[in-house]
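Novice: mind folding the following:
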Amino acid sequence: MPERVARRARAQQALYFAVLACVHSRRIAACMIKLFRKQGSAPVAAEAEAMETAPAPSTRNWRERLAGSALTRGLAGVFSRHPRLDDDLLDELETLLLGADVGIAATATLIEDLRKRMRAREFADADALLTALRAALLALLQPVAQPLVIVGARPFVVLMVGVNGAGKTTTIGKLAQRYRNEGRSVMLAAGDTFRAAAVEQLKTWGERNQVPVLAQAQGSDSASVIFDA
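Specialist: Okay, the predicted model is just below:
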């Protein structure tokens, strides 16, 4: 595990700086560099241990989960350290949002909107700015605030598709834990047979969630894995 974590940390670092080369905003680039230096390989290690210590899935809705999230607690900390409305406050907010995986485009939009409104003196104090940011985050999530409903089809299949590093395998682990705790019969199929350590990573999540994982050797035909599943 330590060797895999180290490899992934190096890959994550390379990805960060590749993204930085494409970012036009020097301010966002500086925030991402600051974020990576601060976190080091901690996010990788944290992800590796997350499912071992994660509590049972909550039945709260997404608004309630957002209200109790680490992002919300982080926002409270930022505003306690920077009660004044200035660029330092916005810069730290930008770093926090990027660290919470809000995304570069969404973060830039949120911060620029707050900056314009702050300069127009729309906010009486930091609390007013925080309220505006929370409202903007809720508005950002509203269009996708739809639960994944399991219909009557048996088996019910969830196919995960996306680019490397998007969080597919971690999301699979979270879904597996949720459905297992709901009393459902869950099985994982390792269709990504080409990415290094992808099968092993999925097996790790399967072991932690105590669900079976159907897999073949590295480089096998993905279609045959799905057919067997």
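
Novice: can you give me the strands for this protein?
Specialist: In the chain, the strands defined using DSSP state E lie at 188-189, 213-214.

Novice: now distance to residue 82 too, for those strands, in a markdown table please.
Specialist: Yep, even glycine has a C-beta here, placed from its N, CA and C like the rest. As requested, these are exported to a markdown table (distance: least, CB to CB, whole Å):
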| stretch | distance to residue 82 |
| --- | --- |
| strand 188-189 | 44 |
| strand 213-214 | 46 |
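
Novice: got those as a markdown table, with distance to residue 116, mean pLDDT and mean neighbour count columns?
Specialist: A markdown table is the format used below for the strands of the chain (distance: least, CB to CB, whole Å; pLDDT from 0 to 100; neighbours: other CB atoms under 10 Å):
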| stretch | distance to residue 116 | mean pLDDT | mean neighbour count |
| --- | --- | --- | --- |
| strand 188-189 | 46 | 92 | 21 |
| strand 213-214 | 49 | 89 | 16 |
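
Novice: ok, residue 209 touching residue 186?
Specialist: Yes - applying CB atoms under 8 Å as the test, residue 209 and residue 186 come out as touching, 7.4 Å apart.

Novice: any residues in contact with both of the two?
Specialist: In terms of CB atoms under 8 Å, 6 or more residues apart in numbering, residue 209 and residue 186 are both contacted by the residues 176, 180.

Novice: got a list of what the nearest residue to residue 172 once chain neighbours are set aside touches?
Specialist: In space, and not counting its chain neighbours, residue 172 is closest to residue 160: 5.8 Å by CB to CB, 6 or more residues apart in numbering. Neighbour list for residue 160: 168-169, 171-172 [criterion: CB under 8 Å, 6+ apart].

Novice: quick check: the farthest pair among those?
Specialist: Farthest pair in the contacts of residue 160 (CB to CB) is 169 and 171. Separation: 7.3 Å.

Novice: higher neighbour count, the two?
Specialist: Between residue 169 and residue 171, counted using other CB atoms under 10 Å, residue 169 has the larger neighbour count: 19 against 13.

Novice: distance of the more buried one from residue 176?
Specialist: 10 Å (CB to CB, to the nearest Å).

Novice: for residue 77, see how far away residue 83 is.
Specialist: With CB to CB as the criterion, residue 83 and residue 77 are 12 Å apart.

Novice: one more: residue 136?
Specialist: From residue 136 to residue 77 the distance is 19 Å (CB to CB).

Novice: ditto for residue 219
Specialist: Counting by CB to CB, the gap from residue 219 to residue 77 is 46 Å.

Novice: what of residue 141?
Specialist: The separation that residue 141 has from residue 77, given CB to CB, amounts to 21 Å.

Novice: buried sites along stretch 211-222?
Specialist: 211, 213, 215-216 (16 or more other CB atoms under 10 Å).
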